[in-house]
Each structure stands twice: as structure tokens, then as C-alpha cells.
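Enquirer: kindly generate the corresponding structure for this input.
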Amino acid sequence: MRETTVTAVLGPTNTGKTHYAIERMLAHRTGVFGLPLRLLAREVYDRIVKLRGPSVVALLTGEERIVPERAKYWICTVEAMPTDLGADFLGVDEIQLCADPERGHVFTDRLLHARGLHETMFLGSDSMRGTIAALVPKTHFLRRERFSELTYAGSKKISRMPPRSAIVGFSVENVYAIAELLRRQKGGAAVVMGALSPRTRNAQVELYQSGEVDYLVATDAIGMGLNLDITHVALSGLRKFDGRRMRDLQPNELGQIAGRAGRYKTHGTFGVTGEAPPLDEEVAEAIMNHRFAPIRKLQWRNSDLEFGTVDRLIASLEERTDDELLTRTRDSDDLLALRSLAAEDEVLTRLRNPRAVRLLWDVCRIPDFRGISHAEHASLLTRIFGFLQETGRVPDDWMARQVKRIDRSDGDIDALSKRLAYIRTWTYIAQRSGWLDDEMHWRGETRAVEDRLSDALHGALTQRFVDRRTSVLLRRLKQKESLVAEVNDKGEVMVAEQFVGRLEGFRFSQDASQTPEEAKMLHQAAMTALRPEFHLRADRFYNAPDTEIDFTEQGGLMWGEHAVGKLVKGGDALKPTVQAFVEDDAGHDVIEKVTRRLQHFIDRKVATLFEPLLGMSRDETLAGLPRGFAFQMLEGFGVLPRDGIAAEVKALDQDARGQLRKHGVRFGQYTIFMPLLLKPAPTRLRLVLWSLWNDLDIFPEAPPPGLVTVPVPEGTPQEHAAMSGYRIAGSRAIRIDMLERLADQLRNQDSRGGFEATADMLSITGMTLEQYAELLQGLGYKAEKGERVKVKAPAPEPKPEAAPAADAPEATAEEAAPEVEEAPIAEETADPVASEMPAEAEAPAEAPPAEDAAVVVEDATPEESEVAEAAPAEAQAEAPPVAEEGATASEEAAAPAEAGDVEPTAEAEPDLETFYTFTWAPRRQGGGRPRRDRDQQRGGKQGDGERGERQGGKPRGKGGKPGKRSEGKGGRDRDQKGGKGSKPQGGKTYQARPPRKEKPIDPDNPFAAALMGLTEKK
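Expert: As a prediction, this is how the structure comes out:
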């Protein structure tokens, strides 16, 4: 051994030993420094590069070689240390690893043989003092004390782990499980393992050192001189697998790991967590006082090797020592590989000289980074040795194929880690001098692949074990920094440049989190930043126009696309209250402001859409029965089925009705309603308010606007249809205003003798003949289907008014049609059939023209629809008669007679047409169906038209005497041509009731002037 100054700097962790050695090396012209880990070597290399520049610092590891031309300081792993450079300084760190069963023989060899020209320094634990003194005489020992205290903190749960903690696991699976748990509960953790590449390790350490995460999960490699800002170290176990078996960790090993806690003069603590049992008092005391049992035996392997033959090489490697302080190490991987290759004939034939044996030994020293089976690793080594022995080089094309298979950045953590291990093999081969034609190319290529894989692995580790959003927000909150929330036009909430969720109206929809703890922390951070935004948004909402707010058919309240509240049943049917959807953390002021704005909106909406109804309820001129009826209309939201209020309608005289008509109330045969409230907007609101008032869970929806009839599901309540502005008849529902128009036409038909549908009837409903038949059956009529020969319509000509049939039977009360829907009640008369003509129905007696289409303009009132659809009477007179559905009953009855002379031939079969004959067929069951049996039993006395409608009686037709009345839009005139007041056959005169009393004409009625003129003419 060379004569040199040998110094052993011994002591616990956090004593500055490595820093001291670097200072001593830089004080010399040249130096070599050996470190136990590639990661630590890279860390020291970077530190010296910052001090002296990259041109004079070399890095030499098994997989990395950076050697500038003027290199003065060599930073290496212990295995890669060049011992023949003749450097002024030589140092070895963590010299206590001489006792490591796997790598100890390398450290022992450096202790015994590696020397600097002027100074040699060994750094490590004080437990090596006696052994070094015995093996290396004249060693100068330098004891260094810790800068900070180390205290045992006992056992802690991971969920209660303090910040800036490192949790140590002893397997990859254990490390991953702990990191996942910390991500869920603490926002994430950095991961450091010896198998990581320096690039990945440095990126992970930076996550921790920068404070982005407060926790570090590592293997026991953390004990090998990695200097990090750690205040607490927690051991998750007290046993490890050393490559051969599971064994208990020795106190000095535990102390090496626990000593990472506390940096410089910051005190540190250590303890256990997870399934690790508490430390014995003696062990804990030894760690705190840094007093461990001396190391008595060092691992050793002969380094004076013979390469004459492979057998002599193996024998020299298996040689034993007589030194009591040294023990032969167990068979290592390189020796096992050498034995396997030496047993192969293919290899033995190539071992012709010592140079080939040395080459074989160099190949066998390629580490099994891949961790595959021993046989597979031996097979790879055999292939490489064959290339080197035959051509002296590993072929570039073969090398390219191996590297290309690994150069993939996709996959999970395990796949990326495995590829990183594989590329280390080819990186190691690229670092060997003379093994490749273009060494620099392959060193750069393998390094680039390793960097790409390292970056991908760092990204995968971060994505899996670090919730950046939660960790950043928690760190900012811990530092009491003000957080500002940004909400973009998509409603995405960004806090500290981290996406945390969406702001929908005044509710925060948090991004999905995996655990309640994580969600709670995220919500806390978001609310801290969102409170100012809630106040700004509440002010903007309060000043927003009503056009930006709307209600849904289920009672929700919307501000644009976001739900901001819902309607709640109030003390009055037309005065609902609101419930605002606002985060509780937004504050009472925000909640109150949003609630007040929503209440203003719905109050104005009700006042606008139900103005006719509310105006009628506030009319103080209404008193007595009209006021009570107005209250009923208010309770019915402007729509009342007539069969449910028959007695109340009967009690109203003509003056009372006139008062109600001034407010837009229309008295129909089936429904009492306000036409203005049948528009789509009031209908939509009426359904919501009615559903709220009746405590429905699911609100019925309004039919699409503009449709006269709509299909209804079976079992739909009549109340739902009425609130929608429809009346159910069969499988369909018809709009109530159009139903009243249809009733006007049905009253002019022969309900007892039978009638057919006219074009006007089909046009009003917009139905086919079959659908119309089903509709009338739903209204109480009987439909009989038949077929007949289709007759071509004659040329159009003016149609004279039909004369009374000479043999027409006398009209009876059962055949009489009901009064017009607005017909007043005249109970003071004795005639049960005749009724007083309503003032508003006294229009000129012209038949309503046929309608061209069944589609009604949306939002048009029933009166507006009638005006828009009406055509001049002259156009009807010029129109050709309808051969099928448009023909009247009398025309269709006469058609076959006119064609009776034409006998159908066998060659030309006559065309047949389908027709329906409708007769009144009242039903006894409820549901608003007509019923007249009781009135018929009373001799046909039915009161007036409205009473008959109330009792569900059939419409009073012409008693089989067509043409005896002329129709008007609001009612009909009874002339002397076969009407009820005309003289029947036989010259006898029949009077159904005493003459009715004259009533003054309502001056507000739009037909008052016309009625006055007709009266004067008479």
C-alpha cells in the first residue's frame, strides 16, 4: 500500500462528513470520490460542477460516463472508481457498507487498497472505528457530532403524519401503497427508490424540496447520504429482503435511515407507522445516542485474480482469507454468471487465451438490471461474449434492435420501470471502451432513451401519487396566501392555476375526488377563493333583466343555463315562494340577494301572465254571485270544467255574466275559461303553479303550442288536461276553445236521427275521419261505420235553402239541441227547450265557412283564431260539395237515389267510400260524459241550454228537420221556417213554455247594435 495520510471521518448522520470531504478534495489538484449510489454520485457531481465548472469534473458510474478532456475531479460509484489514476485525493463514503452482504466486498477492497497520493479519506459510521484501526494502521480518526438532535416519536398513523416527513418502505409494492394513501389523504408524495434513474430521482426530489408535496416515500436507499429537508422519518417495517431472505434490520441500519431526519441545526424525529411494531427502548435509545455495536466482520473477495484459464479465475474468486476481521462474501451475481458460461461448450471453445478469459469476466460483470431469471441473463451474456470474441464488437444493427424495442414512453409505472431497467443494460455496454464501433453515438442514444423513459416515469409517478391541485391549494392555504378564483366563460373555476370544479349559477360543482378527506380539503380551498366571486355574481344577477331568468316546467328557476333556485308552494296558489340554490359558504348576504331577485321575478311573471285573472279578482264592482264566481275562477287558474260548477253557472243571470265577460270570461258548453290564459306562456305557468299547489312530485308538461288535438297516455287525469287548456275525449285531447267551436256546429246537427261529419268539423280538429269518429265517441256520441258507392260530385251551383219537410216528425225535447255556450238561463219560462238568445251571439245567421287547415296560429286567442280562419260566405257557396266527408246527411242520403238508374257492370266495380253516422249516445259513468236519461223521463224538460250542458245532455239538434235554422257564429236565430216556434203539421200550435220576459240588451255587448236593428225591423 502507498504511503499516504489516511483519515477516517466517522460519526452519525447530519454531521457534514460529505461536505467536509468535498472541501478537502477541492483543496487538492486532483481527486477521486467514491459514493455508494449512482443517485448520490450525481448529486455530488452537480454540486462540484457549480463550484468548478463542467470542464474539470468527470462522472463515472456503471451506466453514465461524463469525462471531459481536462478532468481533474472524478465522482464515481464505488464499483466504478478508477484506482490507478494517481489522484492527489481519494475518498470513499459510507465505508460501513463493508459489512453489506451483497456489495460489501467492493468497499472492503477500497478500504484495503485504494489510496490517494497525498490524502485518503474514509467516511462512515463510528461503528467502523475498531475494524479500520485494525486493518489500516496509522489511520487518523476524526469524530464529528450531529448538528441537531434526533428524538424518538413513537408510532403515528399515516393520516396524522406531520408535514416534511419521509416514510420508508422496504419493497416497491410497499412504497406504492404508502404513496397512494398519502395522495388521497395529504395531496400526494414524492417517490425515491434506488432503482430510479438519476433524472427521475432528481425530478421527484424537486417535487418534495420545492414544497409542492409535503411527504416523501422512499426505500432504505434514502439512508445512503441523500441530504433532504426532512423533519420526521417513519419506518413502515422493521424487516427487509436482502436478496436471499427476509431478515430483521440491525440497529445501525435503522439509525442510518432514521438519521435522515433533521437537517443541519433543525432537530428531527423518527418513529414507526403502518404495521411496524414500536421500537424497543434499547434500540430507540441507541439510535438517539448514535451508539451501535462495532462491526466485527467485513465482507471480502479476492481482488488478485488469475486469468490464465477460466478454472483458475473461478478458483481465485473462491479463495478464502485467514484474517479474522474478514469473511468471504457469498457468491455474487457475476461469479454465478461466470460459472454458468464456463459450463457451456460454445463458450469454452472460445477461451483460448488469458485475454479471452479476462473478456469473459468483463462480460459476466454486466449487472442483471433487468432482474430476470439467472438462466435468461446468462443467455444474454453468452450472446454478447460471442459477438465480442468473433468480431471484437457488438453489432450496431443488433444493438439498434435491442434499444428500439425499449424506446417507448407509453405504459404504466411498472412498464416504464421495467424498460428503464432494460436500458441500463445497454447503457452499461455503451460505457465499456472498445465494445462498440461508435461508442459516443450509442452512449448518446442510450442516454436519450433513458432520459425519455425517466421523464415518462416521473410523469407517471406524479400523476399517480401527486394530486397537484390539492397539494398546491393546501400549501397556499397553509402559508396563508390570498387565493383568487378565476371563472372562465365555461364556468370552470381555476384557483392558483389549478382546476377545482365548475361554478353553476351560485353552486360550486366540485371536481371528482376519491376520498371524503380529499374532497373536504379541496372544497375548503375553493370556497376561500370563491367568496368574492359569489358577491360579484350576486350583484350581477340582481341587476339582470327578467329576460335572462326563466322557470322550467318542473318548477326550477334558471339564470341562463344554470339552475339558481326552485319554486315552492306558498300561502296562495298564485303566490309561490322561491328557494335559492346558493352555497352556504357564499354567505347570508348572497343568499338573501339571490332569493329576493328570484321572488321579484316570479311575482312579476304571475302578475303579467295572469293579469286578466288578477284584475278580475281585484274588481270591487263585482259583488255577490259574480264575485264568488270570480274567486272560483281564481282558484281554477282561469279554467273551470263546466260540469263541475253547473249550479254556480245556473245561478248567474245575464247581468252577472256580462260583468264577468268584461274581464274576458267565456261561458262554453264544456268549459268556462279565459281565452287569454290559453296562450302558451300562461298555460306553462298555470301547470307549474297548479302542480305546486297540489303537491305533485312530477309536474305535467304542456303540449306543444299550436296543436288543436294531442294524444294522451291512458290514465291521464282530466285535471291535467284542463290545466293544459285541453279536454280529453277518447285517446286524444282537444283544445277547449276549439272544442267550443266544434260544439257550435254539432248543435245544428240531427243528433237523434244521425249526421255525418262536415268539412268544417274536420278542419276545426285537424283530424282524419277515423280520428274524428273516436273523438266524438269520447264526447258521448255513437259512431256507426258504413260503406257506400262513391258518387262523383255534381257541378257546383247555388244551393237553395231547404224547405220544411212535409212529413217531418214533431220535434221533441229529447231531440232538441242544447243552447249556445253563452246562452243565459231562463228558468222563469215554462218552455224547457226554448231559451233566450245571448246578446253576444246575435250575429247574422250565416253558416261558418269551411276551414282550410286545422293548424291554429300559436298564441292566438280563440276569438282571433276564428276571425283568421273564417272565409266569406260567398266562397262557401261557390265551393263544390264534398263527396265524402264534407257532404251533409241529407245530401248523402239523396246521392244514391240520383244514381239509382246506373247499374254497376261486371267490368267496372263501383268505388266505395267509408262514412260514419253519429248519434247521441250518452254514458252513465262519470268523467264529465253527457247524461240525459233523467231529463227524458221528466218529459223532455231540461231547463235551458246551459242546464242541459251542465247535466251532460246531448246537444239539441234539429229533430230530424234540417234547414229550419240558420247558423251564426255565436249562436243561431229561430225563424219561422220549421223552427220550434213555427206551426207544425195539422195546423196546431204547440207552446213549450210561456212567453219569456223581455230583458234589456247589454250595451257592452259587441252585437247590441245589430240586435237592436233586428228588433226594430220586426
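
Enquirer: report the rounded mean pLDDT for the helix or strand hosting A647.
Expert: Following DSSP states H and E, one finds A647 within helix 646-651. For helix 646-651, mean pLDDT rounds to 90.

Enquirer: next, the buried residues of that helix.
Expert: Going by neighbour count (16 or more other Cβ atoms under 10 Å), the buried part of helix 646-651 is 646, 648-649. (Glycine included, C-beta is placed from N, CA and C.)

Enquirer: for W426, give me its contacts.
Expert: The neighbours of W426, taking Cβ atoms under 8 Å, 6 or more residues apart in numbering as the test, are 399, 402-403, 406, 442, 446.

Enquirer: could you do D362 as well?
Expert: R432.

Enquirer: keeping just the C-alphas, turn the helix holding A647 into CSV.
Expert: The C-alpha coordinates for helix 646-651 follow below in CSV (Å, rounded to 0.1, in the frame of the first residue of the first chain):
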residue,chain,number,x,y,z
ALA,A,646,-123.2,23.6,-13.1
ALA,A,647,-125.1,25.0,-10.1
GLU,A,648,-123.0,28.1,-9.9
VAL,A,649,-123.4,28.8,-13.7
LYS,A,650,-127.1,28.3,-13.4
ALA,A,651,-127.3,30.9,-10.6
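
Enquirer: other SSEs contacting that helix?
Expert: helix 625-635, helix 945-950 (3 or more Cβ pairs under 8 Å, 6 or more residues apart in numbering; DSSP states H and E).

Enquirer: can you give me how far the first one is from the chain middle?
Expert: Using Cα atoms, centre = their mean, to the nearest Å, the mean C-alpha position of helix 625-635 is found 49 Å from that of the whole chain.

Enquirer: buried set for that helix?
Expert: Neighbour-count burial for helix 625-635, with 16+ other Cβ under 10 Å as criterion, is recorded at 625-627, 629-630, 633-634.

Enquirer: next helix or strand past that helix?
Expert: Counting by DSSP H and E, the next helix or strand C-terminal to helix 625-635 is strand 639-641.

Enquirer: that following strand packs against which elements?
Expert: Using 3+ Cβ pairs under 8 Å, 6+ apart, strand 639-641 sits against strand 671-673, helix 718-723.

Enquirer: follow-up on the earlier one: by neighbour count, which of the contacts of W426 wins?
Expert: Neighbour counts for these, by other Cβ atoms under 10 Å, peak at T446, which reaches 26 neighbours.

Enquirer: ok, that residue touching L436?
Expert: No - when contacts are counted by Cβ atoms under 8 Å, T446 is not listed as touching L436 (10.2 Å).

Enquirer: find residues that contact each of those two.
Expert: With Cβ under 8 Å, 6+ apart, T446 and L436 have common neighbours A430.

Enquirer: before we move on, the earlier item: pick out the shakiest of the helices and strands packed on helix 646-651, pLDDT-wise.
Expert: Averaging pLDDT over each of the helices and strands packed on helix 646-651 singles out helix 945-950 as the lowest, with a mean of 39.

Enquirer: T7 reaches L142, doesn't it?
Expert: Yes - counting by Cβ under 8 Å, L142 is a contact partner of T7 at 6.0 Å.

Enquirer: can you pull out the low-pLDDT segments for the stretch 551-700 of the chain?
Expert: Counting by pLDDT under 70, the stretch 551-700 of the chain contains no low-confidence segment.

Enquirer: can I get stretch 680-692 as CSV, trimmed to CA atoms?
Expert: The C-alpha trace of stretch 680-692 is given here as CSV (Å, rounded to 0.1, in the frame of the first residue of the first chain):
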residue,chain,number,x,y,z
PRO,A,680,-98.6,29.0,-24.3
ALA,A,681,-96.9,31.2,-21.7
PRO,A,682,-99.8,31.4,-19.2
THR,A,683,-100.6,27.7,-19.8
ARG,A,684,-97.0,26.7,-19.0
LEU,A,685,-97.0,28.8,-15.8
ARG,A,686,-100.5,27.6,-14.8
LEU,A,687,-99.4,23.9,-14.9
VAL,A,688,-96.4,24.8,-12.7
LEU,A,689,-98.5,26.7,-10.1
TRP,A,690,-101.3,24.1,-10.1
SER,A,691,-98.8,21.3,-9.6
LEU,A,692,-97.1,23.2,-6.8
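
Enquirer: now the angle from the top strand by length along the chain to helix 625-635?
Expert: Across the chain, the strand with the greatest residue count (assigned by DSSP state E) is strand 562-572. Computed by axes from the mean of the first three to the mean of the last three Cα atoms, to 10 degrees, the angle separating strand 562-572 from helix 625-635 equals 150 degrees.
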